[in-house]
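Trainee: I would like to see how this sequence folds:
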Amino acid sequence: MIYLFIYIFGTISSGKTTLADALAKYLELPVYHEAVNENPYLSDFYHDMQRYSFPLQIDLLNRRFQQHQEIIWSKKGAVQDRTIYEDKIFAKMLNDGGFMSSREYTTYCQLLDNMSNFLRKPTIIVYLDVKPETALQRISQRGRQMEKNVTIIYLRNLRNGYEEFMKAIAGSVSVIRIDWNEYGDTDTVAKAIIQKISELQTIHELHISK
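Mentor: Reported below is the predicted structural model:
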């Protein structure tokens with residue numbers, strides 16, 4: 001039996017959670033969210049990124065790995081609104097920006113590589129493409145205290161990181177890329193996913209003349 005494993009990719013405040021909930025309901029799948037309020041480092045990180053970047057990323061990696069394993073062993077499939085693969089985008093950006101040392105980044109990457117031996121690739125990725133300016137406006141509107149120091153430069157660098165990552169995985173995982181600067185119709189997105197998955201599962205018969 002094929003269990004659908006759908007990742008919702010996107011930068012901060014791109015609308016992942018809303019779409020994940022809608023897709024999970026439409027496709028009758030469990031939904032797994034990012035446990036933002038449970039992270040003990042996130043608030044401190046936004047106040048002192050250099051000091052807390054490494055412990056934050058390690059904590060997130062641990063939690064995402066646990067969630068990933070829960071999805072695999074449940075054998076029910078899932079829609080997930082933040083994944084373990086995306087964490088490396090944030091870690092690389094922190095390293096490039098001087099907020100995480102090269103030694104810390106190397107340790108992080110080695111740990112993720114070891115964990116990757118126990119991961120399962122998604123059936124499909126839904127990438128919500130949102131402009132940094134739009135993301136910043138949404139961050140302001142939802143008013144999370146811990147996000148008040150997020151800058152447009154940070155969001156631009158983050159989006160660039162996503163673009164690099166999407167290029168790197170091209171050809172190895174099927175991706176549906178959606179302009180999500182304005183929230184779209186979730187039924188339409190769900191139908192596009194189903195169509196894409198059906199194309200992946202199509203068996204083409206080959207007739208050879210004698």
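Trainee: after the helix or strand hosting residue 89, next one along is what?
Mentor: Taking DSSP states H and E as the criterion, residue 89 maps to helix 87-96. Toward the C-terminus, helix 87-96 is succeeded by helix 102-116 as the next helix or strand (DSSP H and E).
Trainee: For that next one, which residues meet the burial criterion?
Mentor: Neighbour-count burial for helix 102-116 flags 104, 105, 108, 112, 115 (criterion: 16 or more other C-beta atoms under 10 Å). Yep, even glycine has a C-beta here, placed from its N, CA and C like the rest.
Trainee: Dump those to TSV, plus distance to residue 179 and pLDDT.
Mentor: Shown next, in TSV, are the buried residues of helix 102-116 (distance: C-beta to C-beta, whole Å; pLDDT from 0 to 100):
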residue	distance to residue 179	pLDDT
104	35	97
105	32	97
108	32	97
112	30	95
115	32	94
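Trainee: ok, so of the residues you listed, who is nearest residue 73?
Mentor: Checking those against residue 73 by C-beta to C-beta gives residue 115 as the nearest, at 15.2 Å.
Trainee: Now do the phi/psi pair for the spatially closest residue to residue 67 that is not a sequence neighbour.
Mentor: Computed as C-beta to C-beta, 6 or more residues apart in numbering, the closest residue to residue 67 that is not its neighbour in sequence is residue 32, at 5.6 Å. Backbone geometry at residue 32, expressed as degrees, to the nearest 10, gives phi -120, psi 120.
Trainee: In the buried residues of helix 102-116, find the pair that's most separated.
Mentor: Farthest pair in the buried residues of helix 102-116 (C-beta to C-beta) is 104 and 115. Separation: 16.5 Å.
Trainee: any idea which helix is longest in the chain?
Mentor: helix 49-74 (DSSP state H).
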